[in-house]
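Asks: compute the structure for the input listed below.
(2 chains)
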Amino acid sequence: MLAWTIYISFLGAAAMFLLPKGSTAVARILALLTAAAGFAIALSAFVHHRTGEMLTVTDATWIPSLGIRYHLAADGISLSLILLTGIIAITGILFSWNIEDRTKEFFAFYLLLIGAVYGVFLSYDLFLLFVFYEIVIIPKYFLIAIWGSTRREYGAMKLAIYSFVGSAMVLVGLIAAYVVAGSHTMSLGGLAGYPFSPHFQMLAFPLVFVGFAILAGLWPFHTWAPTGHVAAPTAASMLLAGVVMKLGAYGCLRVAMTLFPLGLAPWSHHILGLGSWRDVFALLAVVGIIYGALVALVQKDFKFVIGYSSVSHMGFILLGLMTLNQIGLSGAVVQMFSHGILAGLLFAVVGRMVYARTHTRELSALGPMGLNHTIPFAAVTFVIAGMASMGLPGFSGFVAELMIVIGAWHAFPALALCVGFGILIGVVYVWRAMQKAFFSESRSAALPPGHPLPPITIPEKLGAIILIATSVLIGIYPQVLLNIIVPALNGPLFSGIRTGSWQ
Amino acid sequence: MLTLLTLLPVLGALVVLVAGKNLARATAFVFSFAALALTLVLWFHFDRGSGALQFVETRPWIQLTQLNVDYHVGVDGLGLLMLLLSAIVVPIGMAASSQIQQRVPLYYALILLFQACLFGTFIAQNFFLFFLFWELSLIPAFFLIKLWGGPRATRAATQFLVYTMVGSVAMLLSFLAIFLTTHTFDFAQLAALAQNNQLMPLVLGNLAGHRFTPHHIALLLFAGAFLGFAVKVPLFPFHTWLPAAYSEAPTGITILLTGAMSKMGVYGFLRILLPIFYPQMQQVLTPLLWLAAATIVFSAYAALAQKDLKRIFAYSSINHLGYCLLAIFAVVKFTGADAGLTAEKSAALNGVFLQMFNHGLTAATLFWFVALLEKRSGGLRGLNDFGGLRKVAPVFTGLMGIAIFSSLGLPGLNGFIGEFLIFKGTFPLTCWATSLAVLGLLATALFFLTVLQRVFSGPLNPKWATFPDLTTGERLTLIPAIALMFALGLCPQLVLGVVNNTVIQMVQHLRF
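Replies: Next up is the predicted model:
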């Protein structure tokens, strides 16, 4: 049943082309229904999931001579992210209600992207995973290049090139693993069970990990993220920051770390005080957290603030992965979910509620408009999203970051202190953006009279409420997610990470 | 029951937002009175013979091997007293907000949210839950000051937020460091560890290998937690956000800040620092006592120099809470279970509890009078803007006079008993600091009498010849507050009866 999340999205995309010319309203409603159906399937699977099992959805031979199978399966981690995809897909469409230009194609690409994302999260066969991973790149390029804004061709191209470089690294690593393991299976479980030599793992791990981590915004390979996010239309930024970056983080955890756990083992010597790939990536993650926050602090463009904040928050995920303890790893997965929701919300406020009305994203130009009076709903939404993003208790971000910091404290005490510093800067940049954009004191007569901003529409309100409610639910009762994430992390797939003697 | 009490204002906030502009104020009152009624039910069902936690609710909340947090709420005498105070102060704050005209539903919704956070803070029995409400309370407070405040409200609100945030982060880091080794956020468990002298060795065992000595790390952890609460109370020299915030906030909000929010800080000292960190407090006792004495004296003299009524009362708030901190610090002075000193400590802590409640009530009422003055004068509230009001508004003068005398501690009114018990308790414990604090008492009397003299006596300022006296409605709403002042002044047992067993238990926990 869960496989239908993929098929239904692809079918919806195909159906877009069958619609008669000019039927934009039908296209919107069709897209919304498709996304809602996908979400409903994801939710029912989430609710009925028995904890700890790796649920096989479909398993059929595909290319028998190479041992490649069409194998879809889901455990607690993939289910959490599938649910996230469903939520973001629906709200993204709600926030794209104003797309008038080539609406059908927009939603066709959009649904194609969603279907491919579902595919990545569901794939158990690594070849299949890679195929879906590649499919993701194409609609995302077109969404930005056609419907984007500020330097959209540049942003789209940069994003595509970074993605392809990452995929190439992943592909090389996977093929090497496939060949070394005897060229008869591409199944995740099969390869994870194969005893690769420590030397091979030490080489393959960084290759595959970095390949995926490029998409997760690992510093210093993050530069595609802010430019891509800024150039993309609102729904695409929401998907990019909310879900596509999670594909990278998911790949790091699901593929790189399970296949090559010994790649995390300590080296025989220290280089610059770093004793293993684990130390290296943890350090890069923390640099990303602080660097992203500092850069967000000095941006003049509202959307760039959010773009860099994504880099900072993704750093938390990568740090959580590198802690290798249960609390840090489950914190990383919760953070994937939480950041997906919050980044989606923030981009929706900036891109749809503010930019689509004011046609400027300069903080200095937004200030004099007195937006907290003209569009109070946007102001309130941004305040709530900002609070959640800066890690205020009661919202999902706090739980996730708390768990990651506790995990990091056990694994890397010194880095945990730096993370505390990063959190403080996080408070400051959100606060600065909020003050400048919505609550600026210098309310001059800059707003041309007789030119009122259109009010916030119902779909926007609905989308914002869905996202806020989700964040609060996870913030107050994180057990909803933890109940299925923790047993999944205790499953056999992750035994290599758990039993590493270097912990 | 306690969960219900906390959720009630949240529900109220939602209803107020839906109710629309005309009904918002009435709806908000309905919900705040419902909360008050519920608190009174708790008050009368509370078992006074016991100092233990009551109305306890425990449910599993987050279960992980390394992060196991329960939903654990309950109240003892102290918590219950604070609940009652919050439930009383919020309707007063709403009553003093009649001149708010902009975005009325949002205003009252934020007040109700703030009340929910107050309730949550006072019932939480582990740090996770406590911190959640503690931090969330900042958001409504910030926006209430910023959006409805005076001309420099943004600056004041931001200053308030930054100060509190820095304190909170320091506190969070300390508790995380403790949590990492003890694996518990529960106040009772942490206090039990501290009492058996196991807490710090356990924490330090894990942090070994760093360059600090154990002694320093323990103090550092204490300092983090201390900072969080000291900013909130506030303690000199962390008080500089307060006069700006109190004077820029709309007066209804000032009532909430001084009546209820400042108590969160003192409550933190009593509930968290005293049971968990008393060995560290003892190590730095002398500087702490100096800070408390400085808070009392400096704020009183600062109040003397002010010209704005709200600023005067703001500094007097710092002054009054300074007495609470003085007593809290004095209590940790002596080791051993000396019977005589136990009596002194109990007296001091009883005094602290009373003083918290009294100050909340009295300061709220005083600011309410300021709001009434502002309403009549069109926003003027300078010390020298009035004069001779007693001739045109005798009832106003009389009732505000009662509130002022209560605040400066006239016997027979509520302020006296609390301060008396604090002085009685602390004098034998720390003679010098208490003597210094008496200087503050003198200045307090001086500035309060100045207020009475400048505003109400002297020749009538011709501008105010038609100054209206209190209307019947205002009299009726003020009289319960004034009556409560007399009631507590004449029969402090009303409060002491409820808190006494909690105090005895706290003092017993301070055995070394």
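Asks: OK, contacts around B:Phe142?
Replies: Residues in contact with B:Phe142, defined by C-beta atoms under 8 Å, 6 or more residues apart in numbering or on different chains, are B:Ala157, B:Phe160, B:Leu161. For the C-beta atoms, the positions are set from N, CA and C on the backbone; glycine is no exception.
Asks: would you confirm that B:Arg25 contacts B:Val104?
Replies: Yes: shown here, B:Arg25 and B:Val104 form a contact pair, counting by C-beta atoms under 8 Å, at 6.6 Å.
Asks: the longest strand in chain A is where?
Replies: Counting by DSSP state E, the longest strand found in chain A is strand A:55-63.
Asks: and A:Met434, how far from B:Trp61?
Replies: Distance, A:Met434 to B:Trp61, by C-beta to C-beta, to the nearest Å: 30 Å.
Asks: these two: which is more packed in?
Replies: Using other C-beta atoms under 10 Å in any protein chain shown as the criterion, A:Met434 and B:Trp61 rank with A:Met434 on top: 20 against 17.
Asks: skipping adjacent residues, who's closest to that one in space?
Replies: A:Gly386 (5.4 Å; C-beta to C-beta, 6 or more residues apart in numbering or on different chains).
Asks: please name the residues that touch that neighbour.
Replies: A:Gly386 makes contact with A:Leu346, A:Val430, A:Trp431, A:Ala433, A:Met434, according to C-beta under 8 Å, 6+ apart.
Asks: most surrounded residue in those residues?
Replies: When those are compared by neighbour count (other C-beta under 10 Å), A:Leu346 ends up highest, at 31 neighbours.
Asks: helix or strand: which one has that residue?
Replies: Assigned by DSSP states H and E, A:Leu346 falls within helix A:326-347.
Asks: how about that helix and chain B, touching?
Replies: Yes: looking at helix A:326-347 against chain B by C-beta under 8 Å from any C-beta of the partner chain, the contacts come from A:Gln326, A:Ile327, A:Ser330.
Asks: my guess is the first one contacts B:Gln63, does it?
Replies: The reference is to A:Gln326. No: counting by C-beta under 8 Å, A:Gln326 sits too far from B:Gln63 to count as a contact (11.7 Å).
Asks: for the longest helix along chain B, buried residues please.
Replies: Assignment by DSSP state H gives helix B:339-377 as the longest helix of chain B. Across helix B:339-377, burial judged by 16 or more other C-beta atoms under 10 Å in any protein chain shown covers B:341-342, B:344-374, B:376-377.
Asks: wait, A:Thr360 touches A:Leu366, no?
Replies: Yes: taking C-beta under 8 Å as the definition, A:Thr360 is a contact partner of A:Leu366 at 6.6 Å.
Asks: quick one, which of the two is more surrounded?
Replies: Counted by other C-beta under 10 Å, A:Thr360 and A:Leu366 do not tie: A:Leu366 has more neighbours, with 22 against 14.
Asks: confirm that A:Leu72 sits in a strand.
Replies: Yes: per DSSP: H, G, I helix; E, B strand; the rest coil, A:Leu72 lies within a strand segment.
Asks: which residues touch it?
Replies: A:Leu72 neighbours (C-beta under 8 Å, 6+ apart): A:Leu2, A:Ala3, A:Ile6, A:Thr56, A:Val57, A:Thr58, A:Asp59, A:Leu122, A:Ser123, A:Tyr124, A:Leu128.
Asks: quick one: buried ones out of those residues?
Replies: Members of those classed as buried by 16+ other C-beta under 10 Å are A:Leu2, A:Ala3, A:Ile6, A:Val57, A:Leu122, A:Ser123, A:Tyr124, A:Leu128.
Asks: where does the stretch 251-400 of chain B dip in pLDDT?
Replies: Per-residue confidence for the stretch 251-400 of chain B (pLDDT under 70) gives these ranges: B:335-340.
Asks: for chain A, what's the longest helix?
Replies: Chain A, longest helix under DSSP H: helix A:152-180.
Asks: test my guess that B:Leu285 contacts B:Lys333.
Replies: Yes: contact criterion C-beta under 8 Å: B:Leu285 and B:Lys333 qualify, at 6.1 Å.
Asks: circling back: ok, and the most crowded of the residues of helix A:326-347 next to chain B?
Replies: A:Ser330 (29 neighbours).
Asks: helix or strand next in line after the helix or strand containing B:Ala218, which one?
Replies: B:Ala218 belongs to helix B:214-232 when assigned by DSSP H and E. Heading C-terminal from helix B:214-232, the first helix or strand you meet, by DSSP H and E, is helix B:241-248.
Asks: so where do the strands sit in chain A?
Replies: Counting by DSSP E, chain A has strands at residues A:55-63, A:68-74, A:266-271, A:274-276.
Asks: ok, and which of these has the densest surroundings?
Replies: Most buried of these, by mean neighbour count (mean count of other C-beta atoms under 10 Å in any protein chain shown): strand A:68-74, with a mean of 22.
Asks: can I assume B:Gln102 sits in a strand?
Replies: No: B:Gln102: not assigned to a strand; according to three-state DSSP it is coil.
Asks: OK, contacts around the nearest residue to it once chain neighbours are set aside?
Replies: If the residues on either side of it in the chain are set aside, B:Gln102 comes closest to B:Trp148, at 7.0 Å by C-beta to C-beta, 6+ apart. By C-beta under 8 Å, 6+ apart, B:Trp148 lies in contact with B:Ile100, B:Gln102, B:Arg103, B:Tyr107, B:Ala249, B:Pro250, B:Ile253.
Asks: so who does residue 242 touch?
Replies: Just so you know, I chose chain A. A:Leu84, A:Ile88, A:Gly92, A:His339, A:Gly340, A:Ile341, A:Ala343, A:Gly344, A:Phe347 are the contacts of A:Gly242 under C-beta under 8 Å, 6+ apart.
Asks: let's do chain B instead
Replies: Here B:Leu242 is in contact with B:Pro234, B:Ala314, B:Ser317, B:Ile318 (C-beta under 8 Å, 6+ apart).
Asks: so which of the strands of chain A is nearest B:Phe269?
Replies: Nearest to B:Phe269 among those is strand A:274-276 (43.7 Å), distances taken as C-beta to C-beta.
Asks: each with direction, which strands does the closest one pair with?
Replies: Strand pairing for strand A:274-276, using DSSP bridges, gives strand A:266-271 (antiparallel).
Asks: from the chain's centre, how far out does the strand it pairs with sit?
Replies: On the basis of C-alpha atoms, centre = their mean, to the nearest Å, strand A:266-271 sits 32 Å off its chain's mean C-alpha point.
Asks: what does stretch A:262-271 give?
Replies: 29 Å.
Asks: I'd like the mean pLDDT over it, please.
Replies: For stretch A:262-271, mean pLDDT is 82.
Asks: and the contacts of it?
Replies: Stretch A:262-271 is contacted from outside by A:196, A:198, A:201-206, A:209, A:256-257, A:275-278, A:322, A:324, A:496-497, A:500-502, using C-beta under 8 Å, 6+ apart.
Asks: now the helices for the stretch 151-300 of chain A?
Replies: A:152-180, A:188-193, A:198-215, A:224-231, A:234-239, A:245-251, A:258-259, A:277-297 (DSSP state H, counting those that start in this stretch).
Asks: and of these, who's closest to chain B?
Replies: helix A:277-297 (14.3 Å; C-beta to the nearest C-beta).
Asks: now that closest one: mean pLDDT?
Replies: Helix A:277-297 shows a mean pLDDT of 92.
Asks: quick one: is stretch B:263-276 near chain A?
Replies: No: against chain A, stretch B:263-276 shows no contacts by C-beta under 8 Å from any C-beta, the least distance being 14.7 Å.
Asks: that should have said stretch B:45-58, apologies.
Replies: No: counting by C-beta under 8 Å from any C-beta, chain A is not contacted by stretch B:45-58; separation bottoms out at 15.1 Å.
Asks: sorry, back to before: what's the offset of the longest strand of chain A from the middle of its chain?
Replies: On C-alpha atoms, centre = their mean, the centre of strand A:55-63 falls 26 Å from the chain's centre.
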